[in-house]
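# mind looking at a prediction? Sequence and model below.
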Amino acid sequence: MQTAPLAQPLELTTMRFIHAADLHVDSPLRGLDRYDGAPVERIRGATRQALENLVELAIQEDVDFVLLAGDIYDGEWQDFHTGQFFRGQMVRLGRAGVRVFIVQGNHDAQSVITRRLIPPDNVKIFSSRAAETTCIENLGVAIHGKSFPNRAVDEDFVPEYPEPVAGMFNIGLLHTSLNGRAGHDPYAPTTVDMLESKGYDYWALGHVHAREVVSEIPRIVYPGNLQGRHANETGPKGCELVSVDGSNVASEFVALDVVRWSQVQIDIAGEERLEAVGAAFRHAIEQIISAAPDQLHATRVTLVGATVLQDLESRMPGTLAAAVQAAAQDLGDADVWIEQVKVRTSAPVDRGAQAEREDAIGELVRLVDAICTDEAELSRFASGELGKLLAELPAEVGQEDLPGLADVEGLRALFLDAEATVLARLLSTRAPE
């Protein structure tokens, strides 16, 4: 629980509200079917269950209202069962006396569901034509907001937000990238200085899927998305539970996700037996499970380090991944699904010595060194030969984990990884069975 005084202390009735964003209800989660044994239905149903958890929290905590800062749906997703489910959850809140205030984000703006589904009476969706204000007189709160009129909004909405209502607790509800956040489109860009200049007491932001407390006074918060949807959305996901009492604002993050994504890197340098790989994985995953024992843990594992096991992997690709999968099956009651095992190990090879050889092995090492140490050469190769190769890959081959052609460090790692595989095969180092 984090507490901060208001920028302008007010005599207010005590109130409580929830701030959430980026629900992406029924996000299609394309590509899961290609993973053997994936709990597809559980993962695809996770966004609904997380929303149900949000509604339960609002009712149990007897909050006065809920703020949803955009991206309720998922782009052009047109299944009206999705909309009816969301509307049903809003009706549940209405029956409990909880009002809901929504600004539509970039994904909502292009959603057929958004345009055609009539909200229940307890739900206020802010206009996309102009910023507007709704006041709740008995609570002494004024909520200001504006929805996206279309997906690609490149203007700053904040200057047109209304002035704060005197004597009230003022909340700005906004879907924005602020001044830019990695992995997120630069929509409705603005600055912290601009937000602070409005004189509001709380800014409820959406669009960024990682929780971030941008400022304490005034309190400016991204709650993150309600449910992680893939291996790059790791850790607890949920909402902000906010209490306002006189001159104090107290905010608490509450996890609501039902599938917890994680990424684990395991160093197996020097290991000589497959059993050690499984043991190292179990040690790492047990720490993650203990933090949330009731969750389904969807985990991406990356194995790194120089090991003689790389020779076995080179001769029988998938061996190391199978050792991790087997270890996951031995975890007892723990609910773990291994989304992917990425093998980034290398053979214990003295590259300097190999580079001096006057044969194909030496030529390979020298070529990789020449490319990886010259950024211009690396970029040229990436945009040329590698770019052509990637363009020719069939659509069913997943490319989400490949580095972008402008990602110099990622490309360098890709070259070294390929070199390690080729060297292991060429040198034929035997590993213990």
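The structure has been received and is ready for your questions.
# buried residues in stretch 199-214?
Tyr200, Asp201, Tyr202, Trp203, Ala204, Leu205, Gly206, His207, Val208, His209, Ala210, Arg211 (16 or more other Cβ atoms under 10 Å). Placement of C-beta: from N, CA and C, glycine included.
# of those, which pair is most distant in space?
Maximum pairwise distance among the buried residues of stretch 199-214 (Cβ to Cβ): 24.9 Å, between Asp201 and His209.
# what residues sit buried inside stretch 269-281?
Those would be Glu271, Leu274, Val277, Gly278, Ala280, Phe281, for stretch 269-281 by 16+ other Cβ under 10 Å.
# could you dump those residues to JSON lines with pLDDT?
Shown next, in JSON lines, are the buried residues of stretch 269-281 (pLDDT from 0 to 100):
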{"residue": "Glu271", "pLDDT": "92"}
{"residue": "Leu274", "pLDDT": "94"}
{"residue": "Val277", "pLDDT": "96"}
{"residue": "Gly278", "pLDDT": "94"}
{"residue": "Ala280", "pLDDT": "95"}
{"residue": "Phe281", "pLDDT": "96"}
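# and the gap between Glu409 and Gln263?
For Glu409, the distance to Gln263 equals 17 Å [Cβ to Cβ, to the nearest Å].
# more neighbours, those two?
Between Glu409 and Gln263, counting by other Cβ atoms under 10 Å, Gln263 is the more crowded of the two (16 against 9).
# any idea how far Met90 is from that one?
34 Å.
# same question for Asp201.
Here Asp201 is placed at a distance of 25 Å from Met90 (Cβ to Cβ).
# likewise for Ser262?
Ser262 is 31 Å from Met90, by Cβ to Cβ.
# quick one on the thing from earlier: Ser346: which of the buried residues of stretch 269-281 is nearest?
Taking Cβ to Cβ as the measure, Ser346 lies nearest Glu271 of the buried residues of stretch 269-281, at 12.7 Å.
# and Leu296, what are its phi and psi?
When quoted as degrees, to the nearest 10, the phi and psi of Leu296 stand at phi -80, psi 120.
# my read: it touches Val40, true?
No. The pair Leu296 / Val40 is not scored as a contact, 12.0 Å apart, by Cβ atoms under 8 Å.
# looking at these two, which one has more neighbours?
With neighbours defined as other Cβ under 10 Å, Leu296 and Val40 compare such that Leu296 has more, 18 against 12.
# report the contact partners of the more buried one.
Contacts for Leu296 were tallied using Cβ atoms under 8 Å, 6 or more residues apart in numbering; they are Pro39, Arg42, Ile43, Ala46, Val258, Val259, Arg260, Asp335, Val336, Trp337.
# what's the most distant pair in the residues you listed?
By the measure Cβ to Cβ, Ala46 and Val336 form the most distant pair in the contacts of Leu296, at 15.2 Å.
# pick out whichever of those two has more residues nearby.
Neighbours per residue, other Cβ under 10 Å: of Ala46 and Val336, the larger number sits with Ala46, 25 against 19.
# not counting sequence-adjacent ones, nearest residue to that one?
What sits nearest to Ala46 in space, not counting adjacent residues and going by Cβ to Cβ, 6 or more residues apart in numbering, is Val259, at 4.4 Å.
# looking at the sheet around that neighbour, what are its partners?
Leu296 (DSSP bridges).
# per-residue confidence at it?
If you check Val259, the pLDDT there is 94.
# quick one, what contacts it?
By Cβ under 8 Å, 6+ apart, the contact set of Val259 is Arg42, Ile43, Ala46, Gln227, Gly228, Gln295, Leu296, His297, Ala298.
# quick one: which of those is nearest Glu160?
Nearest to Glu160 among the contacts of Val259, with distances taken as Cβ to Cβ, is Gln227, at 32.1 Å.
# which residues touch the nearest residue to that closest one once chain neighbours are set aside?
Of all residues not flanking Gln227 in the chain, Ala50 sits nearest, at 3.8 Å (Cβ to Cβ, 6+ apart). By Cβ under 8 Å, 6+ apart, the contact set of Ala50 is Leu23, Leu226, Gln227, Lys237, Gly238, Leu256, Asp257, Val258.
# and Ala50, that one's in a helix?
Yes. Counting by DSSP: H, G, I helix; E, B strand; the rest coil, Ala50 is located in a helix.
# roughly how far apart are it and Tyr222?
Distance, Ala50 to Tyr222, by Cβ to Cβ: 17 Å.
# can you pull the pLDDT of the closest residue to Asp71 other than its chain neighbours?
Excluding its sequence neighbours, the residue lying closest to Asp71 (Cβ to Cβ, 6+ apart) is Gly105, at 4.0 Å. At Gly105, the pLDDT value in this model is 87.
# how about Gly105, what does it touch?
Listed by Cβ under 8 Å, 6+ apart, the contact partners of Gly105 are Ala21, Asp22, Ala69, Gly70, Asp71, Ile72, Ser147, Phe148, His175, Tyr187, Gly206, His207.
# let's see 6 Å
By Cβ atoms under 6 Å, 6 or more residues apart in numbering, the contact set of Gly105 is Gly70, Asp71, Phe148, His175, Gly206.
# for burial, what's the neighbour tally of the first one?
By the other Cβ under 10 Å criterion, the neighbourhood of Gly70 contains 28 residues.
# for it, phi and psi?
The phi/psi pair for Gly70 (degrees, to the nearest 10) reads phi 100, psi 160.
# likewise the second one?
Note on Asp71: its backbone torsions stand at phi 60, psi 60 [degrees, to the nearest 10].
# and it, what's its pLDDT?
89.
# check the last one too.
Gly206 is assigned 95 on the pLDDT scale.
# that one contacts Leu23, correct?
No. Assessed by Cβ atoms under 6 Å, Gly206 is found out of contact with Leu23, at 9.5 Å.
# looking at this, Ala298 is in a strand?
Yes. The assignment for Ala298 (three-state DSSP) places it in a strand.
# look up how far Trp261 lies from it.
5 Å.
# Asp71 is in contact with His107, correct?
Yes. His107 is within contact range of Asp71, at 4.5 Å (criterion: Cβ under 6 Å).
# looking at those two, which has the bigger crowd around it?
The neighbour comparison of His107 against Asp71 (other Cβ under 10 Å) goes to Asp71, with 28 against 24.
# I am finished for the moment; much appreciated.
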